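J.: Sequence unavailable; structure follows:
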Ligand SMILES: Nc1ncnc2c1ncn2[C@@H]1O[C@H](COP(=O)(O)OP(=O)(O)O)[C@@H](O)[C@H]1O
Ligand SMILES: [Mg+2]
């Protein structure tokens with residue numbers, strides 16, 4: 001039985017679609033939804049030297065994304081929001097090690113600019129490395 005669904009969110013269109021699909025599944029299975037946003041310090045370190053202010057603004061943007069996800073969940077479905085910092089793919093895998101997740105629902109692509117590739121680097125890594133099933137929404 002699917003009881004705990006992890007939905008990694010980055011605010012992209014595919015991630016929004018993944019949220020909707022995860023809500024449908026949670027309702028059908030009576031499962032709990034966990035939303036996880038990772039403030040991507042990999043990307044930040046390339047763009048600028050990492051300051052507290054930058055990290056704070058990225059984390060705040062994540063809070064908006066998480067709030068929107070939480071608000072989309074209908075009454076009666078259990079839900080929780082998690083905000084972490086680090087490399088998204090690694091943090092998502094760590095989360096799976098530490099929590100009892102039995103399904104991941106995520107977008108095929110995210111905010112990246114590369115077109116024409118089916119999977120982004122985060123979704124590719126999670127599909128390859130996760131021990132539980134991963135539903136990739138496209
Ligand atoms: N920083 C992040 N925090 C949480 N989930 C993320 C993050 N980045 C990507 N994801 C998840 O991975 C999916 C695929 O994104 P990604 O692999 O980064 O593709 P792209 O290369 O197009 O950005 C997203 O739809 C989202 O579900
Ligand atoms: Mg990305």
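T.: Looks like it arrived, so ask away. All values reported here derive from a predicted model rather than from experimental measurement. Ligands and ions are numbered 1, 2, ... in the order given.
J.: Tell me which helix or strand in this protein has the weakest average pLDDT.
T.: None of the helices or strands of the chain scores lower by mean pLDDT, DSSP states H and E than helix 41-47, at a mean of 66.
J.: Tell me the helix or strand right after that helix.
T.: Sequence-wise, the next helix or strand downstream of helix 41-47 (DSSP states H and E) is helix 52-72.
J.: A helix includes residue 25, no?
T.: Yes. Under DSSP: H, G, I helix; E, B strand; the rest coil, residue 25 falls within a helix.
J.: Pretty sure it sits against residue 105.
T.: Yes. Contact criterion C-beta atoms under 8 Å: residue 25 and residue 105 qualify, at 6.8 Å. Just so you know, the C-beta spots here come from the backbone N, C-alpha and C atoms, and that holds for glycine as well.
J.: The two: which is more packed in?
T.: residue 105 (25 against 17; other C-beta atoms under 10 Å).
J.: list the helices and strands the helix or strand hosting that one packs on?
T.: Assigned by DSSP H and E, residue 105 falls within strand 103-107. Applying 3 or more C-beta pairs under 8 Å, 6 or more residues apart in numbering; DSSP states H and E, one finds that strand 103-107 contacts strand 4-8, helix 13-29, helix 121-129, strand 134-137.
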